[in-house]
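Trainee: I would like to see how this sequence folds:
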Amino acid sequence: MKFHWTILIVSNKDCRIKKIKITPLTITLAVLMCATLAIFSGFAGYRLHVVRPAPLRVVLAKQDNTEQAQAIARLSSEVAKLDQEMNILRNYNRHLRRLSEISLDSAESLNGMGGGGEDYHEQEGADALAERMLIGEISEHIRRLGIDISIEQEVAQELLAGIERQRLIASHTPCISPTRGLLTSCYGWRDSPFTGEREFHYGIDIASLENAPVFAPADGTVTAYYKNESYGNVMVINHGYGIKTRYSHLKKPAVTIGENVKKGKKIAYVGNSGQSTGSHLHYEIIVNGTHVNPQRYMLK
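Mentor: Got it, this is the predicted structure:
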């Protein structure tokens, strides 16, 4: 005979008795059903908790997103300002290049590596920019700006070196008349005032009063002062860059050999020494060993 439990149920109306037999199998099935229901309820509750976060977590997530958006907006605004300053620097460098007519082929060949990126500040406001730009895009843009800054620094250095070179060359290039007076003989072929024969005149003659001052037409160094039978008292100034000037028929010097002179400094006095028909200055310019027409270097 199998083991079982009997439950008696007595009715209040007619005093009938109902018997319910419960076997171990029935109890086992009931326990299994309760356990299954508990497991299912727990899993369903966990999934609901994950899918639908608590209100506090939703609020915190929204707050984090707002702070990130504000940080991106601030960073984007700073990048836009850097873009604007970079464009100003680039345009200034190009303006200097046009004024100085300096070639920057080496630096220009690098331009475009950074590219400068898009001019964000001209296309949209900071709020729209914050919505469109991601952190990765901002980082990439900053990297390109770093490359552009390096390029513009190289351009600026080349420009400064080129401008300084031009300034030095300009200051050492004759550009004014060495004395005041009347031009009596030009550069080139002429009839000799002494023999009447054709000869090449390697300078110009400027008639002036005796003892009139002679000025350096450019910066340089006095390298010689000597006497010559034909040219009388002669002074030579080396201006560098292959340029020399020579002054003849002088009365006397106002500077010494080896002295550095600036443009406009008094260096001698007009005289009538050597073979001369009157008080005047014979003025020559030699460039890389070749005589050139001094009038081309007399701007005023």
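
Trainee: where do the helices sit along this structure?
Mentor: If DSSP state H is used as the criterion, the helices of the chain fall at 24-51, 55-100, 105-108, 120-123, 126-132, 135-171.

Trainee: compare the mean pLDDT across those helices and name the weakest.
Mentor: Among the helices of the chain, helix 120-123 has the lowest mean pLDDT, at a mean of 43.

Trainee: hmm, Y187 is touching I206, no?
Mentor: No. Counting by C-beta atoms under 8 Å, I206 is not a contact partner of Y187; they are 12.0 Å apart. For glycine as for every other residue, the C-beta is placed from the backbone atoms N, C-alpha and C.

Trainee: between the two, tell me which one has more neighbours.
Mentor: Neighbours were counted for Y187 and for I206 using other C-beta atoms under 10 Å; I206 has more, 23 against 20.

Trainee: list the contacts of that one.
Mentor: 177-179, 181-184, 280-281, 283 (C-beta atoms under 8 Å, 6 or more residues apart in numbering).

Trainee: kindly report the same for H249.
Mentor: Counting by C-beta under 8 Å, 6+ apart, H249 touches 231-233, 270-274, 276, 280-282.

Trainee: make it 7 Å
Mentor: 231-232, 271-274, 276, 280-282 (C-beta atoms under 7 Å, 6 or more residues apart in numbering).

Trainee: excluding residues flanking it in the chain, which one is nearest it?
Mentor: The shortest distance from H249 to any non-neighbouring residue, by C-beta to C-beta, 6 or more residues apart in numbering, is to G232 (4.5 Å).

Trainee: so what's the one you found bridging to?
Mentor: N228 (DSSP bridges).

Trainee: settle this for me: it is touching R246, isn't it.
Mentor: No. Using C-beta atoms under 7 Å, G232 is not in contact with R246, being 12.0 Å away.

Trainee: domain parsing for the chain?
Mentor: Per automatic domain parsing, the domain ranges recorded for the chain read 5-51, 62-171, 182-297.

Trainee: pick the most deeply packed of those.
Mentor: Among the domains of the chain, domain 182-297 has the highest mean neighbour count (mean count of other C-beta atoms under 10 Å), at a mean of 17.
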